[in-house]
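Enquirer: Build me a model from this:
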Amino acid sequence: MNNDIANIDKVTELLSITEKLNHIKDLDSLLDNILFNARLFTNADAGSIYLKDGENLIFSYTQNETVAKRDKSHNRMIYSSFKVPMNTSSIAGYVGSTGEPLNIDDVYEIDTSLPYQFNKKFDVISDYRTKSVLTIPLRTSRQEIIGVMQIINAKDKDEQVIPFDENDKLFVSFFANNASIAIERAKMTREIILRMIRMAELRDPKETGHHVNRVGTYAIEIYQHYAEKKGFDKNEIKKYKDILRIAAMLHDVGKVAISDTILKKPGKLTDEEYNVMKTHTLSGEQLFDDKVSELDVISSEIAISHHEKWDGTGYPKGLKGEETSLGGRIVAIADVFDALISTRVYKDAWTEEDVLLYMKEQAGKQFDPELIDSFFSILDVINAIRNKYRE
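Expert: Numbering: from 1, shown residues only. I've put the predicted structure just below:
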């Protein structure tokens, strides 16, 4: 009877968590929350999520408590870029292609007669020992497989690695089925945002989908480091990151209001043309005038303020210091860094050495000095993001 009550309580809690997941807008924030809660329920040390893309599973998110404790730049692992074929040769591929979950006590002891084997590459790179692995398919409401979730190394109360039991498999499967619906919705939101950006990209050849992905991802990583250093509440950090990535990706959406003769001019703009170009910040703010959500509020703040400078010499309002929103100050760093280090039709890329020297020199002038400190503290992560979203 006590076990039945405990199980009912767990199901109720899982349904409550799923309801909260439905309010998360950003796909990566959603995957982070899904993985965290699945690990919490099974007391697992690590986990990964793969999302289906054609005939492959794309490594989309990962968490590892052991690696995180000894490696301050562990977030770079999130931006690893590799894919697994949807066939039976790997554990994730087997589950993705067959739709059957796998619960393996020790992946180093898999029977050689089985079609799938464990790839030790991550363990070698990170000096980690994967042992127990629970792999669950992620299905939509139409029973289509959209990905795979792996939960790794269950632990007992003494922090010793143990196998996952049948209850773990039952609850994680139940949770995964419900969470998959939220993933499908978040993927649709991401696609809508990227379509909006592609519309602007058709008019402005200097802006690309990879650029906005990099800016949005740089922004959340700079924010996380800064917020943790300042002692912000963990739940508040997660909530703001969810909104910040999308809002940062939309920072230049106001350029849709600028004429083609200016946007597509290959040479240097005249002073008059540059003044017109600067109005994209005001147009971007206006696009979010009907503020019905916190996303609208932060998107509006970033659109109008990402060209402001810490010393007050920016535009359009000449705001100084913390008069500029936190999101605007973060995106200013992310946007300038990416613009300088990337090749554009109108310029060659700067060397990494020159870009970093410029960013450091502009601390306290163009950029918030505390945020620049955070930027330099996570350069490994920044470089991992650059590699993931290459042109």
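Enquirer: show me where the stretch 151-300 of the chain has helices.
Expert: Assigned by DSSP state H, counting those that start in this stretch, the stretch 151-300 of the chain shows helices spanning 166-203, 209-230, 234-249, 260-263, 271-277, 280-287, 294-305.
Enquirer: List the buried residues of stretch 315-323.
Expert: Neighbour counts over stretch 315-323 (16 or more other Cβ atoms under 10 Å) mark Y315, L319 as buried. Yep, even glycine has a C-beta here, placed from its N, CA and C like the rest.
Enquirer: Could you check how far that stretch is from the centre of its chain?
Expert: 28 Å (Cα atoms, centre = their mean, to the nearest Å).
Enquirer: Thought L282 was touching I258, still the case?
Expert: No - between I258 and L282 there is no contact under Cβ atoms under 8 Å: 11.0 Å.
Enquirer: Among those two, which residue is more densely surrounded?
Expert: I258 (21 against 15; other Cβ atoms under 10 Å).
Enquirer: Can you check the pLDDT for the more buried one?
Expert: I258 is assigned 87 on the pLDDT scale.
Enquirer: How about the one 10 residues further on?
Expert: Per-residue confidence at K268 stands at 82 (pLDDT).
Enquirer: what number of residues lie near it?
Expert: K268: 8 neighbours (other Cβ under 10 Å).
Enquirer: Look up how far D354 lies from it.
Expert: 20 Å (Cβ to Cβ, to the nearest Å).
Enquirer: do the same with D252
Expert: On the measure of Cβ to Cβ, D252 and D354 end up 24 Å apart.
Enquirer: Give me the more crowded residue out of the two.
Expert: Neighbours were counted for D252 and for D354 using other Cβ under 10 Å; D252 has more, 26 against 12.
Enquirer: For this structure, just list every one of the strands.
Expert: In the chain, the strands defined using DSSP state E lie at 44-53, 56-64, 83-85, 102-104, 133-139, 145-155, 161-162.
Enquirer: To E221, which of the ones you listed lies closest?
Expert: strand 56-64 (13.9 Å; Cβ to Cβ).
Enquirer: What pairs with that closest one, parallel or antiparallel?
Expert: strand 44-53 (antiparallel), strand 83-85 (antiparallel) (DSSP bridges).
Enquirer: which of those strands is buried the deepest?
Expert: Sort the strands paired with strand 56-64 by mean neighbour count, taking mean count of other Cβ atoms under 10 Å, and strand 44-53 sits at the top with a mean of 22.
Enquirer: related to what we said a few turns ago, JSON lines please, covering the strands paired with strand 56-64 and showing mean pLDDT.
Expert: Converted to JSON lines, these look like this (pLDDT from 0 to 100):
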{"stretch": "strand 44-53", "mean pLDDT": "95"}
{"stretch": "strand 83-85", "mean pLDDT": "92"}
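Enquirer: Tell me which of those sits nearest to F174.
Expert: Nearest of the strands paired with strand 56-64 (Cβ to Cβ): strand 44-53, 16.0 Å.
Enquirer: What are the contacting residues of that closest one?
Expert: 31, 34-35, 38-39, 57-67, 83-84, 86, 92, 96, 128, 130, 134, 138, 145-155, 161, 164, 183, 187 (Cβ atoms under 8 Å, 6 or more residues apart in numbering).
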